[in-house]
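A.B. asks: When you get a sec, could you give me coordinates for this:
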Amino acid sequence: MNDFFVSLMLLGALSGGPGEPLPFWATANQWGLMPENQGAFALVQARTDFDASKTFQWRWGASFAANSYINDLDPGSSPLHLMTDELYGSLRWKAFTLDLGMKHRELDFYGTDERLGSLSTTGGHVAESGNARPMPGYLLSLAPVAVPFTQEHVWLYGAFGDYKPLGIRYVEDPLVHRTRIGFRFDIGARLRLHFLLDHYAIWAGTIPNKGTMPVTFGNYFRVVTGSHAGVDGTRSDRLNVIGDQGGGEMWGAEYLGGGWKIKFQHDIPYADGSGMGFQDFPDGVTTLHFSWDDKSRWVSDILYEHTYTMYQSGPFNGEKFDEEGHSITPPGVKTTGGDNYFNNGEYRSGWTHFGRPIGTPLMYPVGTLAGTWTSAVMVAGLENNRLKAHHFALSGKLFRQHPYKLMLTYSANHGTYGRPYAGESAWNKEWGSVVETPLRQLSAGFTGSVCLRTRRPMDLSLLYGIYTDRGSVLPDTFGATLGARVSF
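C.D. replies: From the prediction side, this is the model:
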């Protein structure tokens, strides 16, 4: 039978004072639900799981959230914000699953307790982390299936879906298409290799001063295949690809030891054809995760992650000429650069949803440095997609009973090629010839739960969190959360 679960969470969040923003790790990768400033938060969830004893399986889930805080950047707004977090139904037949509605993406690199969130900055997916609210739509996914004649050494998996973004956006009424294609190679009983292409495309909608992209089968086919626009497309879409297309290219390895596991992964963002042609090297998010099977240990999971997105196929886009028509592009330099990850000149809200980056939260949205960002208004993309970052995380159980998660993140942030945060721009200059000036940032968070009751039919936990930011991008601040969760 389908098991049924209900949980209720109540949380209070404190910062430097009313109207002061909460620290980074108090709000990042929280599905866009936490208050931006000091306030309160509530979440009620109900769901069922698949019944594995049946051929045709079904499940459903619903979760609704509310947060309350004073938003000085949106005068006159109500302090109470009601949100639909998840609302979905799912069908499963053999290896196929169809999800309809709004549903969280499944993440990776969890620690002792999945309810504390992923240890990774990206959740294992540079193009779609747990940082923003889900979009309504459908997703047809394929669980790994063995490729014929490979003796179960090669497995294929993937997903195909379409969504409708919500909220206030620069382009009205756009659509989003998603495609994922992955292969898993089982080398013996312990070693696995993974390769995944994760692609998104924002298309359709009304582009200010440029008209409406019609929703036709021809345009949809161009979106799915990553083709140029037709005669009715904008000049940019005719020269490049239709809409705003990007994603991530991941490869990794996983080794299963005796009572432990180690996983390595490199996830490369891309924003155009040069990125899909692997011209973004050495950009990417590199993750190393070591975990013990025994999750009751004081330390059960250790994760290190390095983010580097400085190159973006290089600092040139198109050959450059002087006034006399002579090329001034250095010999041998690629001219397909300036990929500008998760931004787009026409779909200016970029790869965001309700003002929050859908991909890695380390790429800050426009208005972050100036202190004018808020999810309540239209956001014009990302102001920081060129960065270097080191991230360290631990998870385990205090006294072998109470789950916790520690997150430490140091980043050197450069803004974008076109608008660097500080110093000289590297755009249109030979790679490595400019000593760039970063704005440095340190963010830390320690979260956990104290299990007060763990016996059925009710679980009761006290929730806590301590956070801090120090640096030149985010305000120097300290914050804390305290609350409770009851589950049935």
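A.B. asks: burial count for Gly188?
C.D. replies: By other Cβ atoms under 10 Å, 9 other residues sit near Gly188. Every residue, glycine included, has its C-beta placed from N, CA and C.
A.B. asks: quick one, phi/psi of the most centrally placed residue in the chain?
C.D. replies: By Cα atoms, centre = their mean, the mean C-alpha position of the chain lies nearest to Ser129, the distance being 2.2 Å. The phi/psi pair for Ser129 (degrees, to the nearest 10) reads phi -90, psi -160.
A.B. asks: per-residue pLDDT, the closest residue to Gly338 other than its chain neighbours?
C.D. replies: The shortest distance from Gly338 to any non-neighbouring residue, by Cβ to Cβ, 6 or more residues apart in numbering, is to Asn317 (4.2 Å). Looking at Asn317, its pLDDT is 79.
A.B. asks: beta partners of Asn317?
C.D. replies: Here Asn317 sits in beta bridges with Thr336, going by DSSP bridges.
A.B. asks: quick one: it from Met407, how far?
C.D. replies: 35 Å (Cβ to Cβ, to the nearest Å).
A.B. asks: And for Ser141?
C.D. replies: When Ser141 is compared with Met407 (using Cβ to Cβ), they lie 29 Å apart.
A.B. asks: re earlier: which of Asn317 and Met407 has more neighbours?
C.D. replies: Using other Cβ under 10 Å as the criterion, Asn317 and Met407 rank with Met407 on top: 25 against 20.
A.B. asks: then the helix or strand hosting that one to CSV, C-alphas only?
C.D. replies: Assigned by DSSP states H and E, Met407 belongs to strand 402-413. The C-alpha coordinates for strand 402-413 follow below in CSV (Å, rounded to 0.1, in the frame of the first residue of the first chain):
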residue,chain,number,x,y,z
HIS,A,402,21.2,14.2,16.6
PRO,A,403,21.9,15.0,12.9
TYR,A,404,23.9,18.1,11.9
LYS,A,405,25.4,19.8,8.9
LEU,A,406,28.3,22.2,8.7
MET,A,407,28.8,24.4,5.6
LEU,A,408,31.9,26.7,5.0
THR,A,409,32.2,28.6,1.7
TYR,A,410,34.9,31.0,0.6
SER,A,411,34.6,32.7,-2.8
ALA,A,412,36.5,35.2,-4.9
ASN,A,413,33.8,37.0,-7.0
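A.B. asks: That one pairs with which strands, parallel or anti?
C.D. replies: Strand 402-413 is paired, per DSSP bridges, with strand 387-398 (antiparallel), strand 439-453 (antiparallel).
A.B. asks: Any buried residues in that strand, and which?
C.D. replies: Residues His402, Pro403, Tyr404, Lys405, Leu406, Met407, Thr409, Tyr410, Ser411, Ala412, Asn413 are the ones in strand 402-413 that count as buried (16 or more other Cβ atoms under 10 Å).
A.B. asks: Then stretch 369-388?
C.D. replies: 369, 373-377, 379-388.
A.B. asks: Pick out the most distant pair among those residues.
C.D. replies: The distance between the two most remote of these (Cβ to Cβ) is 30.9 Å, for Ala376 and Lys388.
A.B. asks: Just to check, Phe5 is in contact with Trp60?
C.D. replies: No. Applying Cβ atoms under 8 Å, one finds Phe5 not in contact with Trp60, separated by 11.4 Å.
A.B. asks: Mutual contacts of these two, please.
C.D. replies: Jointly contacting Phe5 and Trp60 under the rule Cβ atoms under 8 Å, 6 or more residues apart in numbering are Arg47, Thr48.
A.B. asks: which residues in the stretch 351-488 of the chain form helices?
C.D. replies: Applying DSSP state H, counting those that start in this stretch to the stretch 351-488 of the chain gives no helices.
A.B. asks: ok, of the buried residues of stretch 369-388, which one's closest to Thr121?
C.D. replies: Nearest member of the buried residues of stretch 369-388 to Thr121, counting by Cβ to Cβ, is Leu387, at 10.9 Å.
A.B. asks: re earlier: I'd like the strands paired with strand 402-413 written out as TSV, with distance to Leu14 and mean pLDDT added.
C.D. replies: Output for these, formatted as TSV (distance: least, Cβ to Cβ, whole Å; pLDDT from 0 to 100):
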stretch	distance to Leu14	mean pLDDT
strand 387-398	22	98
strand 439-453	14	96
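A.B. asks: Quick one: closest of these to Glu36.
C.D. replies: strand 439-453 (15.3 Å).
A.B. asks: just to revisit the earlier point, neighbour count: Phe5 and Trp60, which is higher?
C.D. replies: Trp60 (16 against 12).
A.B. asks: picking that back up, mind checking which of the strands paired with strand 402-413 is nearest Pro420?
C.D. replies: Nearest of the strands paired with strand 402-413 (Cβ to Cβ): strand 439-453, 9.6 Å.
A.B. asks: Tell me the buried residues in that closest one?
C.D. replies: Within strand 439-453, judged by 16+ other Cβ under 10 Å, the buried ones are Leu439, Gln441, Ser443, Ala444, Gly445, Phe446, Thr447, Gly448, Ser449, Val450.
A.B. asks: in the stretch 301-450 of the chain, which spans are strands?
C.D. replies: For the stretch 301-450 of the chain, applying DSSP state E, counting those that start in this stretch gives strands covering 301-308, 352-353, 356-357, 387-398, 402-413, 439-453.
A.B. asks: right, so of those, which gets closest to Gly76?
C.D. replies: strand 356-357 (22.0 Å).
A.B. asks: Other residues contacting that closest one?
C.D. replies: Gly32, Ser129, Asn131, Ala132, Arg133, Phe342, Trp351, Met363, Tyr364, Pro365, Ser375, Leu382.
A.B. asks: So what's the gap between it and the chain middle?
C.D. replies: 8 Å (Cα atoms, centre = their mean, to the nearest Å).
A.B. asks: Quickly run through the sheet partners of that strand, with directions.
C.D. replies: By DSSP bridges, strand 356-357 pairs with strand 352-353 (antiparallel).
A.B. asks: what about the closest residue to Val145 other than its chain neighbours, distance to Ile187?
C.D. replies: Nearest residue to Val145, sequence neighbours excluded (Cβ to Cβ, 6+ apart): Ala95, at 4.9 Å. Using Cβ to Cβ, Ala95 is found at 22 Å from Ile187.
A.B. asks: circling back: reformat the strands paired with strand 402-413 as TSV; add distance to Ala271.
C.D. replies: Converted to TSV, those look like this (distance: least, Cβ to Cβ, whole Å):
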stretch	distance to Ala271
strand 387-398	15
strand 439-453	23
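A.B. asks: wait, isn't Ser120 in contact with Thr307?
C.D. replies: No. Counting by Cβ under 8 Å, Ser120 sits too far from Thr307 to count as a contact (10.3 Å).
A.B. asks: where do the contact lists of the two overlap?
C.D. replies: His391.
A.B. asks: In the chain, where's the longest helix?
C.D. replies: When the chain is parsed with DSSP state H, its longest helix is helix 217-225.
A.B. asks: Okay, buried residues for that helix please.
C.D. replies: For helix 217-225, using 16+ other Cβ under 10 Å, the buried residues are Asn219, Tyr220, Arg222, Val223.
A.B. asks: One more: stretch 256-274?
C.D. replies: So stretch 256-274, judged by 16+ other Cβ under 10 Å, has buried residues Lys263, Gln265, His266, Asp267, Ile268, Pro269, Tyr270, Ala271, Asp272, Ser274.
A.B. asks: can you list the residues you listed in a markdown table and add distance to Met213 and secondary structure?
C.D. replies: A markdown table is the format used below for the buried residues of stretch 256-274 (distance: Cβ to Cβ, whole Å; DSSP: H, G, I helix; E, B strand; the rest coil):
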| residue | distance to Met213 | secondary structure |
| --- | --- | --- |
| Lys263 | 40 | strand |
| Gln265 | 35 | strand |
| His266 | 34 | strand |
| Asp267 | 30 | strand |
| Ile268 | 28 | strand |
| Pro269 | 24 | strand |
| Tyr270 | 22 | strand |
| Ala271 | 19 | coil |
| Asp272 | 18 | coil |
| Ser274 | 24 | helix |
